[in-house]
Structures are given as structure tokens and as C-alpha cells.
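Participant: All I have is the shape, not the residue letters:
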């Protein structure tokens with residue numbers, strides 16, 4: 001069983017929607033929620049997910065007074081805990097008043113006609129922070145200035161009245177914040193730089209790499225906790241690299257401490273990294289799982305201080321035994337689709353290999369959507385369960401491609417100058433009576449070279465050379481298709497799936513319940529979905 005980090009407390013602030021819409025920063029709420037999810041993950045950081053340990057402030061709830069009250073709450077919660085670690089995360093606008101050279105934060109209710117009384121003065125913020133008497137206090141400030149807004153926060157440039165300017169946190173502000181024992185202040189960039197958002201628009205570069213660090217990117221296999229030094233080491237290296245790679249710009253995180261190194265969270269539930277150490281591809285998949293929760297409909301999971309409706313009682317674990325035709329419902333397979341896109345770009349075709357119920361057919365749904373958006377190709381999908389023989393195959397294929405019925409060179413000429421992805425589900429059906437090697441040779445001729453009009457994406461339960469043993473050491477389709485294995489989910493992906501589906505409901509699954517579903521299903525998505533469907537119905541008092 002994973003451990004816990006019972007002495008961890010966090011106030012997470014994402015300013016989000018502001019009274020003055022020009023200052024709104026929706027991306028900050030996604031960052032805040034993604035950070036929350038990794039902190040409360042009992043297999044990762046181990047923070048307690050309750051109103052005594054975590055408070056979220058966002059959108060209309062991230063007002064000046066709410067932020068001050070949040071810091072008072074954090075001081076109260078940690079006052080009686082001698083082992084407390086207090087974390088404050090602020091993502092939003094910050095700026096400088098030129099006449100006094102003083103720093104301020106922009107809460108969601110700040111007004112341009114009265115900045116003097118509606119902004120959160122740096123001295124007020126610092127004073128409230130000093131009331132937190134915990135031995136370990138870590139402050140994250142992700143603030144950016146106006147010059148970087150086109151790439152920093154949702155492409156909108158926030159403007160302030162004369163005499164005020166948007167800036168990242170100043171050195172003077174950081175010096176004030178770190179006063180006292182056990183204090184550490186992390187800023188996402190130097191005060192003359194921009195805090196950038198990733199090119200995919202999902203979250204900031206800084207928060208992405210912070211979450212990587214919380215997954216152990218800066219740790220060694222023998223570590224069981226994540227310390228300040230681990231965060232600093234990874235952020236100092238990875239944030240500048242990503243900023244240069246994605247924007248050819250400089251973004252250098254700034255750190256200042258008045259403390260010795262201290263732990264801020266568990267590492268992998270206290271178990272530490274596996275023998276392989278930190279694996280970036282696995283972390284990227286898990287972070288995308290977090291993002292699908294944090295960014296879905298732009299909403300935030302409710303907490304004791306985050307207003308929300310009671311939640312829907314409609315069972316979210318659907319569909320059960322039918323394919324998914326909505327790409328937004330495909331979960332946890334983004335890395336497989338990205339791999340398939342890379343293969344298609346090289347001029348090869350692709351086949352997803354997996355057992356029934358593994359979600360392999362759903363991958364076609366997501367791949368078709370991505371091919372259309374990312375590559376600009378036309379797409380056609382055929383379910384071979386409905387195709388009786390070669391004659392009906394050509395008829396259905398040509399209809400899907402929008403050309404007159406043809407085959408061979410005649411079909412290739414009809415498609416000249418176009419690019420199609422043809423998705424074939426249940427390709428094993430082509431081994432039945434009524435299908436011959438001639439069809440497979442024809443498909444190879446239409447898709448086999450880099451300039452061919454067609455590329456294939458197929459789903460199969462076994463390697464193609466085993467299904468179609470057309471010759472010794474040779475099978476036409478196997479020769480042009482790269483294989484992608486589709487296996488069960490791991491426990492982390494399953495957990496993120498449960499959280500995402502339950503997000504809009506009034507039902508929660510405990511850690512023990514999620515682990516039991518995972519064990520019973522073996523991580524097979526279809527089986528996992530069915531068991532979760534039944535548990536949800538039991539919790540709301542309905543028959544399975």
C-alpha cells in the first residue's frame with residue numbers, strides 16, 4: 001500500500017477568470033488543478049485530500065480577501081503540527097507600482113480604476129505569509145509580465161493603467177518573502193523574463209516540469225522523498241531547455257532559500273523510483289492524464305472552498321460493450337496515437353495489436369481525428385465485421401473514399417493527388433473464405449510506398465504475418481505496417497481515468513476501491529469500465 005505525507009498542507013491559487021476580463025488567465029486554473037491531483041495522489045506525493053490539508057482558490061474565489069484568508073487558514077492548520085510542511089502556489093499576474101517601486105499581485109477582483117485598494121500589495125502578502133509558523137514553508141510564484149503575454153497566458157495582453165507595469169517577481173519581493181527560518185521561494189522566471197505556456201497550450205512550461213519533478217525527475221532510485229534540492233535541480237535544467245526549444249526564448253527559474261534542504265512530498269508513495277529510475281515517457285503519459293482531468297470543460301473539481309453543484313448521478317462509465325466514436329472519450333492512449341502519427345509521417349502504415357477489450361478500436365477513433373487535424377489527410381473507416389467478401393470490400397472502400405467502384409491501377413489513378421488514411425477494424429476477418437491474397441497485394445500496391453495515396457491503420461489481435469501466412473517469411477500487409485502493442489492500463493492511468501469520469505458526479509471512489517477494480521480487471525479498459533459501472537450504481541443505490 002502507498003504511504004502518506006500527513007504533515008503536508010497546501011494553498012493553491014490559480015487566478016483564472018477576473019472581474020476585468022482582459023486580465024483573465026484560464027491556464028492558471030489548469031496548472032493549479034493538475035498540481036493538486038499529483039499532490040493528493042497517494043501513490044505519488046501522498047498529501048491528504050481534505051479541507052484540513054488542501055485549499056483551492058480560483059476564478060471568482062481568488063479575490064484579494066480570499067487569498068489573505070487562505071494564508072490565515074494555512075497558518076491555523078499548521079500551527080498545531082510541529083512537523084508541518086506548508087506549500088503556497090500562486091499562478092497569475094504580478095506587477096510593480098513605479099512610484100513606490102513596490103510589488104503587487106493581481107487577484108481576480110482587481111479593478112483598473114482602483115488598483116491601489118484592489119490589488120494585493122506585496123507587503124500584505126508577505127505579512128500574511130510570515131504568520132505561518134511552520135518549520136518548512138515553500139512558496140511558488142508563477143507570474144509573468146505584459147511583454148510575454150502573447151506566448152505566456154492565453155494569447156491576451158493584459159494592460160495596466162499608467163504608473164503600473166506587469167512583471168515577474170522582483171528580487172526585493174523574494175528577499176522579503178524568504179525572511180525567517182525554514183523558508184524557500186521559487187519563482188518561475190527572472191523578473192525581466194516571461195513565464196511561458198507549452199506549445200500544446202495545455203499548461204505552463206514551469207508547472208509541467210514541476211509536476212515532472214514531483215514524479216521523481218530530479219531524484220535517484222534509492223530516494224523515498226522529494227526534497228527542495230530535487231525540485232531545484234530539475235527545474236533549473238528543464239525549464240530553460242524547454243523555453244529555448246519551443247520558443248527560442250530564455251526562461252530561468254529563480255530560487256532563494258533561508259533553510260536547509262527539506263522534504264516536500266513522498267516519492268512514488270514512499271516506495272521510491274523503480275530500478276529503471278525516472279522514465280520521461282511514462283511521466284508524460286501520466287501528466288497528460290492529469291491534464292485531461294484538469295482541462296476538461298475548463299472545470300475544477302470541487303473542494304470545501306470551490307463552489308460547485310451537487311454533481312450528476314448519471315453513470316459516467318459508458319459505453320460498456322460498444323466502440324467509442326467520440327475521440328474526446330478516448331482516455332490514456334495519447335502516446336500510442338502520437339507514435340502512430342510519427343509512423344505515418346515516415347510513409348509507413350500502422351497496426352495496433354491488442355486483445356479484445358484493450359481499447360485498440362478506440363485508438364482508431366482518436367487517430368482518425370488527429371490525422372485529419374494534424375496531417376490534413378482525408379479519412380475513411382471500415383468495420384470488416386460488415387464486409388462479406390472481396391467484392392463487397394472494394395464496393396465499401398470506394399464508397400468511403402468517395403470514388404466510383406474500382407480497383408488496381410484504376411483505383412490508384414482515381415485517388416491521384418490525394419492522401420487518405422484508411423482505418424480497418426477487425427482485420428482478422430480478411431482471413432475468412434471470400435478473401436484472397438490478391439486483395440492484400442492490392443492494398444500493398446495502394447499504400448506501400450511513401451507517395452502512395454493510401455496509408456492503412458489496422459486493428460488486430462495477432463501479428464499480421466501470423467494471420468495472413470501468404471508465403472514463407474513474407475506477408476504483403478505485414479511488410480508495410482509497423483506494429484504498436486496495446487496493452488492493459490497501469491494503476492496510475494486507471495486512477496486518473498476514475499478521477500476524470502467522476503469529476504462531474506457526486507460520487508467518489510476510495511483508493512482501496514480503485515485498486516480493487518484495477519486488480520479484478522487486470523487493467524483491461526473494457527473490464528475496468530464494467531466493474532466501475534457496477535460500483536457507481538451501487539453507490540447511488542441503483543441495481544447494476
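Facilitator: Arrived safely. Values in this document were obtained by computation on a predicted structure and should not be read as measured data.
Participant: tell me the contacts of residue 10?
Facilitator: Shown in contact with residue 10 (CB atoms under 8 Å, 6 or more residues apart in numbering): 36, 39, 47, 53, 54, 55, 86, 87, 88, 89. (Glycine included, C-beta is placed from N, CA and C.)
Participant: switch to 6 Å and redo it
Facilitator: For residue 10, the contact set (CB atoms under 6 Å, 6 or more residues apart in numbering) comprises 39, 54, 87.
Participant: Quick check: nearest residue in space to it, chain neighbours excluded?
Facilitator: Of all residues not flanking residue 10 in the chain, residue 87 sits nearest, at 4.2 Å (CB to CB, 6 or more residues apart in numbering).
Participant: name the element that neighbour belongs to?
Facilitator: Using DSSP states H and E, residue 87 sits in strand 85-97.
Participant: quick one: pLDDT of residue 232?
Facilitator: Per-residue pLDDT puts residue 232 at 95.
Participant: ugh, typo on my part, it should be residue 472
Facilitator: We note a pLDDT of 61 for residue 472 in this prediction.
Participant: related to what we said a few turns ago, and the residue nearest to residue 10, what are its bridge partners?
Facilitator: On the basis of DSSP bridges, residue 87 is bridged to residue 10, residue 138.
Participant: correct me, but it touches residue 139?
Facilitator: No: in this structure, residue 87 is not within contact of residue 139 by CB atoms under 6 Å, at 7.9 Å.
Participant: that older thread, most neighbours of all the contacts of residue 10, which one?
Facilitator: When neighbours are counted by other CB atoms under 10 Å, residue 39 leads the contacts of residue 10 with 25 neighbours.
Participant: which SSE is that one in?
Facilitator: Here residue 39 sits within helix 26-40, counting by DSSP H and E.
Participant: Now do that helix, average pLDDT.
Facilitator: 88.
Participant: the inter-axis angle of it versus strand 85-97?
Facilitator: Relative orientation of helix 26-40 versus strand 85-97 (axes from the mean of the first three to the mean of the last three CA atoms, to 10 degrees): 160 degrees.
Participant: Just name whatever secondary elements helix 26-40 is in contact with.
Facilitator: If you count contacts as 3 or more CB pairs under 6 Å, 6 or more residues apart in numbering; DSSP states H and E, helix 26-40 packs onto strand 8-14, strand 85-97, helix 205-214, helix 280-295.
Participant: Adding distance to residue 371 and mean pLDDT, write those out as JSON lines.
Facilitator: Converted to JSON lines, the helices and strands packed on helix 26-40 look like this (distance: least, CB to CB, whole Å; pLDDT from 0 to 100):
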{"stretch": "strand 8-14", "distance to residue 371": "34", "mean pLDDT": "95"}
{"stretch": "strand 85-97", "distance to residue 371": "34", "mean pLDDT": "89"}
{"stretch": "helix 205-214", "distance to residue 371": "26", "mean pLDDT": "94"}
{"stretch": "helix 280-295", "distance to residue 371": "19", "mean pLDDT": "70"}
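Participant: Put together a markdown table for these, with distance to residue 402 on each row.
Facilitator: As requested, these are exported to a markdown table (distance: least, CB to CB, whole Å):
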| stretch | distance to residue 402 |
| --- | --- |
| strand 8-14 | 46 |
| strand 85-97 | 48 |
| helix 205-214 | 41 |
| helix 280-295 | 33 |
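Participant: ok so, going back, for the strand holding residue 87, which helices and strands make contact with it?
Facilitator: Packing partners of strand 85-97 (3+ CB pairs under 6 Å, 6+ apart): strand 8-14, helix 26-40, strand 102-105, strand 136-144, strand 164-166.
Participant: quick revisit: okay if I get the contacts of residue 10 as CSV plus distance to residue 470?
Facilitator: As requested, these are exported to CSV (distance: CB to CB, whole Å):
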residue, distance to residue 470
39, 54
54, 59
87, 61
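Participant: ok, then the element right after the helix holding residue 39?
Facilitator: Next helix or strand after helix 26-40 toward the C-terminus (DSSP H and E): strand 54-58.
Participant: For the stretch 101-250 of the chain, which segments count as helices?
Facilitator: Here the stretch 101-250 of the chain has its helices, by DSSP state H, counting those that start in this stretch, at 115-118, 122-130, 149-152, 171-177, 205-214, 228-247.
Participant: Need the winner for burial among the ones you listed.
Facilitator: helix 205-214 (a mean of 26; mean count of other CB atoms under 10 Å).
Participant: ok, residues contacting it?
Facilitator: Contacts of helix 205-214 (CB under 6 Å, 6+ apart): 31, 38, 45, 142, 188, 195-196, 198, 231, 234-235, 238-239, 242, 283, 287.
Participant: Return the distance of that helix from the chain's centre.
Facilitator: 11 Å (CA atoms, centre = their mean, to the nearest Å).
Participant: Domain boundaries for this protein, per the record?
Facilitator: With domains defined by automatic domain parsing, the chain comprises 8-298, 333-485, 491-539.
Participant: can I get the ones you listed in CSV with distance to residue 317?
Facilitator: Below are the domains of the chain laid out as CSV (distance: least, CB to CB, whole Å):
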stretch, distance to residue 317
domain 8-298, 15
domain 333-485, 14
domain 491-539, 4
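Participant: Could you pull out the strands in the stretch 351-500 of the chain for me?
Facilitator: Assigned by DSSP state E, counting those that start in this stretch, the stretch 351-500 of the chain shows strands spanning 378-383, 420-425, 454-460, 481-485.
Participant: Any idea which of these gets closest to residue 265?
Facilitator: Residue 265 sits nearest to strand 481-485 of all these, at 32.7 Å, using CB to CB.
Participant: Sheet-wise, list the partners of that closest one with their directions.
Facilitator: According to DSSP bridges, strand 481-485 forms sheet pairs with strand 349-353 (parallel).
Participant: contacting residues around the partner strand?
Facilitator: Contacts of strand 349-353 (CB under 6 Å, 6+ apart): 340, 343, 360, 363, 447, 455-460, 480-486.
Participant: before we move on, what about stretch 433-453?
Facilitator: Residues contacting stretch 433-453 (CB under 6 Å, 6+ apart): 347, 349, 389-390, 407, 412, 415, 418, 454-456, 470, 476-477, 480.
Participant: Quick one: end-to-end length of that stretch, please.
Facilitator: Taking CA to CA, to the nearest Å, stretch 433-453 runs 28 Å from one end to the other.
Participant: Quick one: mean pLDDT for that stretch?
Facilitator: Mean per-residue pLDDT for stretch 433-453: 87.
Participant: likewise stretch 252-261?
Facilitator: Rounded mean pLDDT across stretch 252-261 is 86.
Participant: can you check stretch 367-385 too?
Facilitator: Predicted confidence along stretch 367-385 averages 87 (mean pLDDT).
Participant: quick one on the thing from earlier: dump the helices and strands packed on strand 85-97 into JSON lines; add distance to residue 124 as well.
Facilitator: Converted to JSON lines, the helices and strands packed on strand 85-97 look like this (distance: least, CB to CB, whole Å):
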{"stretch": "strand 8-14", "distance to residue 124": "15"}
{"stretch": "helix 26-40", "distance to residue 124": "20"}
{"stretch": "strand 102-105", "distance to residue 124": "9"}
{"stretch": "strand 136-144", "distance to residue 124": "15"}
{"stretch": "strand 164-166", "distance to residue 124": "16"}
